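Chemist: Need a 3D model of the sequence below.
(4 chains)
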Amino acid sequence: MKFERYGIGIAKGLTVTIKHLFRHPTVSQYPEQRLNISRRFRGNELIWNQEKCTGCGTCAKTCPQGAIEIITSTDMAENKYVVEKYEADTGYCIQCGLCIESCPYEALYFSHNFECAKYRRGELVQGKEEMLETPERKVSGYFYPDKAEKLPKQTLLIEKVTEKR
Amino acid sequence: MTVALSGKEVASKIEEKFSGSVVESTPENLVVKSDQLLDVARFLKETGGLDFDYLNFVTAVDYYDHFEVAYLLSSLEHNHSLMVKARCYDRENPALPSVTGLWQGADFQEREIYDLFGINFEGHPSMKRIFLWDGFEGHPLRKDYI
Amino acid sequence: MAVRTEPFVLNMGPVHPSTHGVFRMRVTLDGEVVVDIEPVFGYLHRGIEKLAEQRTYTGVIPLTDRLDYISSMSNNLAYCLAAEKLAGIKVPERAEYIRVIMSELQRVAALLIAVGAFLNDCGAYFTPFLYMFRERERIVDLFEMASGQRLTYNYMRVGGVSQDLPEEFMPALRKFMDMMPRFMDEYDQLLMQNEILLARAKGVGILSKEQAINCSISGPVLRASGVKWDIRQADPYSIYDRFDFDIPTQTTGDCYDRYRQRVEETRQSLRIIRQAMEQLPSGPVRAEVPHLVRPPVGEAYAHIEAPKGELGFYLVSDNSIAPYRCHIRPPSLINLTALRDMVRGWKIADLIIIFGSIDITVGEIDR
Amino acid sequence: MATAGLNIYHLARLQAVSPDWPGGFWWHWLFFTVVIIGFVLTMVMGVIYIERRGMGRMQSRLGPNRTGPFGLLQPVADAVKVLLKENIVPAAADKLVHWLAPVIAFAPALMLFAVIPFENGALLADLNIGILYVIAISSVSTVGIFMAGWGSSNKYSLLGAMRNVAAIVSYEIPMVLAIVGVVLIAGSLSLNDIVVAQNVPFILLQPLGFLLFFAAGCAEINRSPFDLMEADSELVAGFHTEYSGMKFAMFYLVEYAEAVAISAIIATLFLGGWKGPILPPWLWFVVKIILVFFAMVWTRTTLPRIRIDQLMAFAWKFLFPMSLLNMFITALQVLAGWPTELVWVMIIVNIAVMAILVLVWSRFFFRLGGGRVEI
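Modeler: You can find the predicted model right below:
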């Protein structure tokens, strides 16, 4: 600690911190103040479109974690696959989004939800019914820009002015 | 742009000094005999015009019948690089000379190869496992490890 | 003048406030003086190189996010470059620019954390750390907008990027670029000339030029020792040869120089982003690449200048859908080679700041 | 104040003036014991709140704001939490020393307040060697801290404790010498008399003394930038690494009680103690304590920590000679006859002397030693 600069550097630093005392804090109080998340948010759940799905199983093959399980049977009369079991283990899912990108029939989306904590591991496995789109389970705009436009705009920290009080 | 030196040209230079040390040379890389690796490496590092003073990385690849250890060398002065390889055909006790004396940067990487492939680098100051614990059985990155 | 006492071994880590994760050092101390240290790795070893051998070329990308988890974009870029080199894929122009913008923003974010954590190690009680995190937050917001995730972006793909930027991205980026220099100045004012910091960091942990090269040190640590070696200019990957930027270097190679080096590199990164923003063309962002890439037999090594140093991927292909071998050159691990020589003879407090100035991420060391 | 019939401060003053009449001494003793314990505990809670909120705002966040209005009950919540925690004693610890350490560390922090006047004459014991008592008692808590470091059989704790002992031994000297200047001017060692003597706050008459005392005081109570006894980025938590539950709470309390004590002493010695217009004297005293404490929070938020050898060099090569010079100059001024009517001239002279001394000393004489040791 040479005082050859006589504490000018220390004084400069002290002015910066005291300035921040009179500025708006950057943080927001989570459960009360909610920020809008990204329109492309990769939520903790998958949303599956039963009508569009052909049961090809590309999503299950792409998943690097092996979190998607799909069992199909052949419907000879209609000449197509019938999805008998479709399960996504969100406990294993790493939200990489490769299944959504790989789906050739645009039948799989991410949800826009993030508060999906459960009490049991078993509850994390999404069955067929829990993967359908509902008003609570909104579709995220990830990989589908047309869906993104309907979602609220993301709140950005750059929009929040922390300079003035 | 870093110029990747042709393995063939460098191989001819090496052959002048240590004849019979180069096993194979392609435009991309050159494979040297494992027992002469240290001499070749010193030659590459200290010869004017080559001056490979920087070791980018060391790694090994398991090809079932042999291990191939690859050294990517660069020269910060001349901005050129060369991939040098050495092969180990012994699966039970593979061994290679350590290059830590020339490039200290190989220290942890050779330990890593020892840990994950089981190739013993002779002359390394502390040849012991780096990521896995001491009692671990097997070497995970070998292709026959399940 | 030094009084000798009985040396004793202090176990620092794997749980310690300033080992930046689960890193462990066995430190032999003589009083307060560090006599010897032995780094112990492996507490976060997940076997990413082995896992990569069982995944498709695209499926490895989420794994690379988890290497150096504070600079995921750079990891994505390095892996994609290696895979493209292996498969001979040409990336569209717009995708190249987006990649540059993203990786430079990532560099700013990662260097901010590095500087903040370093100052925190010096004992400035969380203030610089939180200020830096606030700025990083602005960048992470942008990443979230483009990729939908805040830490593991998984944004780049073999042959481009996963999706085009949203239309609100560029205005936000422009606003960020206008604000950032002002904040940078404020941080310089906060501690750059602080007498206590100068006393603590100047002349401490000097890494000589020769040793830095011999130990394969890369990145800001190498340049702080006075070696003008930046892969962005020495071996330009992507489209870095189109931008005009300087490579700052320092002279001594002590902790203070490494800190200064990081701050100056941040400014250069902002310069690159500004140029890339102006030149950003329109067009497709993803080349026509089959979903399961099947590169020809061969090997490829692609390296980039990641925030920590030279990050490289060495891929060997056997013409299957999964890499035969995927080796990662981890800058954090290799930069630690010189740690022992740097800290010997310094005090235990210096050990912390020397270690902090190297700036490691354990996810990348252990892989 | 007179309107409030049962003003306890008036009662206190009445008792304090003549504490030796029959029975009154014990009444006085009991009353002030309760007042001091209450005062210290409430002030500790207050300063913890101030530190956390102030630091939060300086770091661009909010600080605790959930418990109670504006988070005012946060210290209470913390206390309850920490009391309910399990008491863990390491197997290899010296049980008795480990148990005794927090008590020994805590007692002096309370004892310090015995001689600090809350108002004119309102103090437990108006010792005529008050300031000497403060110096003597304040270093006793080091024993407790060293016991904690030794008794927990942890290398981090031991390192922290050793650092603490080294620092306290070095910083006592400049601290005492800085006080001597004040004592010379006031002409008394009693803290009450010192406050009474301050027609002008002594910070103006003794600016150098104030700086030295502030720095040495910070070092004595482990406040940043001299907090390297519990340096969280180096030694995890220093001497109290192995403490949990109630014992940890005691150390936490000691830390802040000492901070309050040093703030109170600085307020008494240099800022005119309870003196001030309009507001009641005890409120002035509290306000001054909080001001001094806020300065400590401010430096803690901004400054990095110094190294142990630099800490020692700073004490012996900067503070010690400066405090000697300060004492010498003050003694000369007092000897030459303190010109009471020309007090503003003296203030200007003293500030100029301080500036010149600090500049000259740091430019030409002060050098840090230490650095790398050849192995």
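
Chemist: ok, now which ones touch whatever residue of chain C ends up closest to chain B?
Modeler: Closest residue of chain C to chain B, C-beta to the nearest C-beta: C:Ser216 (2.6 Å). From N, CA and C alone the C-beta is placed, and that goes for glycine too. Going by C-beta atoms under 8 Å, 6 or more residues apart in numbering or on different chains, C:Ser216 touches B:54-57, B:103-106, C:334, C:337.

Chemist: got a list of what D:Glu234 touches?
Modeler: Contact analysis of D:Glu234 by C-beta under 8 Å, 6+ apart lists C:18, C:348-349, C:352, D:228.

Chemist: With secondary structure as extra columns, can I get these in CSV?
Modeler: Formatted as CSV, those follow (DSSP: H, G, I helix; E, B strand; the rest coil):
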residue, secondary structure
C:Ser18, coil
C:Ile348, helix
C:Ala349, helix
C:Ile352, helix
D:Leu228, coil
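
Chemist: before we move on, back to that, buried ones from the contacts of C:Ser216, can you make that a ChimeraX selection?
Modeler: Those of the contacts of C:Ser216 that count as buried under 16 or more other C-beta atoms under 10 Å in any protein chain shown are selected in ChimeraX with:
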select /B:54,55,56,57,103,104,105,106 /C:334,337
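
Chemist: Please flag which of the contacts of C:Ser216 sit within strands.
Modeler: Among the contacts of C:Ser216, the ones falling in strands (DSSP state E) are B:54-57.

Chemist: How many residues are close by B:Gly135?
Modeler: A count of neighbours around B:Gly135, defined by other C-beta atoms under 10 Å in any protein chain shown, yields 6.

Chemist: what sits against it?
Modeler: By C-beta under 8 Å, 6+ apart, B:Gly135 has no neighbours at all.

Chemist: picking up where we left off before, and which of the contacts of D:Glu234 is nearest C:Glu144?
Modeler: C:Ser18 (28.5 Å; C-beta to C-beta).

Chemist: could you list every residue that touches the closest residue to chain D within chain B?
Modeler: Closest approach between chain B and chain D, counting by C-beta to the nearest C-beta: B:Pro125, at 17.2 Å. Contact partners of B:Pro125, counting by C-beta under 8 Å, 6+ apart, are B:100, B:107.

Chemist: isn't A:Leu14 right up against D:Trp298?
Modeler: Yes - using C-beta atoms under 8 Å, A:Leu14 is in contact with D:Trp298, at 6.4 Å.

Chemist: For chain C, just list every one of the strands.
Modeler: Remark: strands assigned in chain C by DSSP E are C:8-12, C:24-30, C:33-40, C:156-157, C:160-161, C:298-306, C:309-317, C:325-329.

Chemist: Identify the residue spatially nearest to A:Lys118, adjacent ones excluded.
Modeler: Once flanking residues are discounted, A:Lys118 sits nearest to A:Leu124: 5.5 Å by C-beta to C-beta, 6 or more residues apart in numbering or on different chains.

Chemist: how far away is that neighbour from chain B?
Modeler: 29 Å (C-beta to the nearest C-beta, to the nearest Å).

Chemist: So which helix or strand of chain C has the lowest pLDDT on average?
Modeler: In chain C, no helix or strand scores lower on mean pLDDT, DSSP states H and E than helix C:195-201, which sits at a mean of 82.

Chemist: Now do A:Lys164, the pLDDT please.
Modeler: A:Lys164 carries a pLDDT value of 49.

Chemist: And the residue of the stretch 101-250 of chain D that's closest to chain B?
Modeler: Relative to chain B, the nearest point of the stretch 101-250 of chain D is D:Lys155 (23.6 Å; C-beta to the nearest C-beta).

Chemist: With adjacent residues omitted, what lies nearest to that residue?
Modeler: C:Leu10 (5.0 Å).

Chemist: Can you tell me which residues in the stretch 201-350 of chain D are near chain C?
Modeler: Residues of the stretch 201-350 of chain D lying near chain C by C-beta under 8 Å from any C-beta of the partner chain: D:224-225, D:227-228, D:231-236, D:300-310.

Chemist: would a markdown table of the strands of chain C with mean neighbour count and mean pLDDT be doable?
Modeler: Putting the strands of chain C into a markdown table (neighbours: other C-beta atoms under 10 Å in any protein chain shown; pLDDT from 0 to 100) gives the following:
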| stretch | mean neighbour count | mean pLDDT |
| --- | --- | --- |
| strand C:8-12 | 17 | 86 |
| strand C:24-30 | 19 | 87 |
| strand C:33-40 | 19 | 87 |
| strand C:156-157 | 27 | 88 |
| strand C:160-161 | 25 | 86 |
| strand C:298-306 | 23 | 88 |
| strand C:309-317 | 26 | 89 |
| strand C:325-329 | 25 | 89 |
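
Chemist: and chain A, which of the contacts of D:Glu234 contact it?
Modeler: Counting by C-beta under 8 Å from any C-beta, no member of the contacts of D:Glu234 reaches chain A.

Chemist: which ones are touching the closest residue to chain C within chain B?
Modeler: Residue of chain B nearest chain C, by C-beta to the nearest C-beta: B:Gly105 (2.6 Å). B:Gly105 sits next to B:54-55, C:214-217, C:334, C:337 when contact means C-beta under 8 Å, 6+ apart.

Chemist: And the residue lying closest to it once chain neighbours are set aside, how far from C:Gly363?
Modeler: Using C-beta to C-beta, 6+ apart and skipping the chain neighbours, the partner closest in space to B:Gly105 is C:Ser216 (2.6 Å). According to C-beta to C-beta, to the nearest Å, C:Ser216 and C:Gly363 sit 20 Å apart.
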